[in-house]
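Novice: pasting the sequence and the predicted coordinates here, then a few questions.
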Amino acid sequence: MIILNSDNYIGKGKLRRCYFNEDQCIKIFHEGEDVRVHTIWKEIRELKRMARKKNLNLIIPKYHGTKETNLGEGHVFDLVRDADGTVSPTFKSYITQFPEQVQLLRDKVYASLMRAAPVLYDITLENILLQTNAQAEKHIAVIDGFGEDTFIRINTMVPFLARKKIKRKFKKFDRQLAQFIETR
Ligand SMILES: Nc1ncnc2c1ncn2[C@@H]1O[C@H](COP(=O)(O)OP(=O)(O)OP(=O)(O)O)[C@@H](O)[C@H]1O
Ligand SMILES: [Mg+2]
C-alpha cells in the first residue's frame, strides 16, 4: 500500500486531491465524490486516444490504473515535472509569478490546443500546467477536463468539432484570465 501524506500533496480540484509518489501523480476522489468515478472513464478513454497520436505538441499524462493508498483508492497518472524535478505549476500559479508573460502564454495554450485538438469539456487555469524543460522552453500539459459524455462521441470523431468545442470552452479560460488580471 502507498502511504500519502501532506509532504506528497500537490493540489486539489472540485473532485480530487492530488499527491505525488516518485514519478506518479495519484488522484483521490473527495469523500462523497466517488459517485463521479464514472467521469474518470471518459477521461481515460480520451487520454488513451491522444496518447496514440504522433508528434503531439501537448503533454498528456498517461493513466496507470488504480492503487491502494492509506487515503483510499488512488488513480495513478504520470506526474508532470520540470527539468529541475519540481512538479510543474498550473497556468494560474505560473502567471502569478510571471504576470508579464500572460498574453504570450495564453496564445500559446490556445494554439497548442487547436493544433492537437483533444476533446475537452473544462479548460481552466488549473487544468493546464506549464512545464519548463532543460532548455528553459515551455511546454503545455493538459491534466484534466478530457472527454465527452454523449452516447455518440461526435467531437471525438470529427476534429473540426473538437476544435469548435475548444474555441467555445476556451471562453471560460479567458474569463478566468480577465478576472485574474483585474484582481492582481
Ligand atoms: N499529472 C499531474 N502532474 C502534476 N500535477 C497535477 C497532475 N494532475 C493534477 N495535478 C495538480 O492537481 C490539481 C488538481 O487535479 P485535477 O485537476 O485532476 O483535479 P479535479 O478535482 O479533477 O479538478 P476539477 O476541479 O477541474 O474537476 C491540478 O490543478 C494540478 O495542480
Ligand atoms: Mg482540475
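Specialist: Thanks, I have it. Ligands and ions are numbered 1, 2, ... in the order given.

Novice: what's the weakest-modelled helix or strand in this structure?
Specialist: Scoring the helices and strands of the chain by mean pLDDT, DSSP states H and E places helix 37-51 at the bottom, with a mean of 90.

Novice: would you tell me what the next helix or strand after that one is?
Specialist: On the C-terminal side of helix 37-51, the closest following helix or strand by DSSP states H and E is strand 63-69.

Novice: check which residues of the following helix or strand past that following strand are buried.
Specialist: The element immediately downstream of strand 63-69 (helix or strand, assigned by DSSP H and E) is strand 72-78. Under the neighbour-count criterion of 16 or more other CB atoms under 10 Å, strand 72-78 has 74, 75, 76, 77, 78 buried. Yep, even glycine has a C-beta here, placed from its N, CA and C like the rest.

Novice: any idea which helix or strand carries residue 11?
Specialist: If you go by DSSP H and E, residue 11 is part of strand 9-12.

Novice: neighbouring strands of the helix or strand that that strand is followed by in the sheet, and parallel or not?
Specialist: Toward the C-terminus, strand 9-12 is succeeded by strand 16-21 as the next helix or strand (DSSP H and E). With DSSP bridges as the test, strand 16-21 is paired with strand 9-12 (antiparallel), strand 24-29 (antiparallel).

Novice: and this structure, which of its residues are near ligand 2?
Specialist: Proximity of the chain to ligand 2 is confined to 13, 127, 144 under the rule CB under 5 Å from the ion.

Novice: what sits against the first one?
Specialist: It refers to residue 13. With contacts defined as CB atoms under 8 Å, 6 or more residues apart in numbering, residue 13 is in contact with 126, 127, 144.

Novice: got TSV for the residues you listed, with secondary structure too?
Specialist: Written out in TSV, the entries for those read as follows (DSSP: H, G, I helix; E, B strand; the rest coil):
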residue	secondary structure
126	coil
127	coil
144	coil
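
Novice: and of those residues, the nearest to residue 163?
Specialist: For the contacts of residue 13, the residue nearest residue 163 by CB to CB is residue 127; the value is 17.7 Å.

Novice: tell me, how many residues neighbour the closest one?
Specialist: Other residues within reach of residue 127, judged by other CB atoms under 10 Å, total 20.

Novice: so it sits against residue 146, correct?
Specialist: No. Counting by CB atoms under 8 Å, residue 127 does not reach residue 146; the two are 9.2 Å apart.

Novice: how about the contacts made by residue 124?
Specialist: For residue 124, the set of contacting residues under the criterion of CB under 8 Å, 6+ apart consists of 145, 172, 173, 176.
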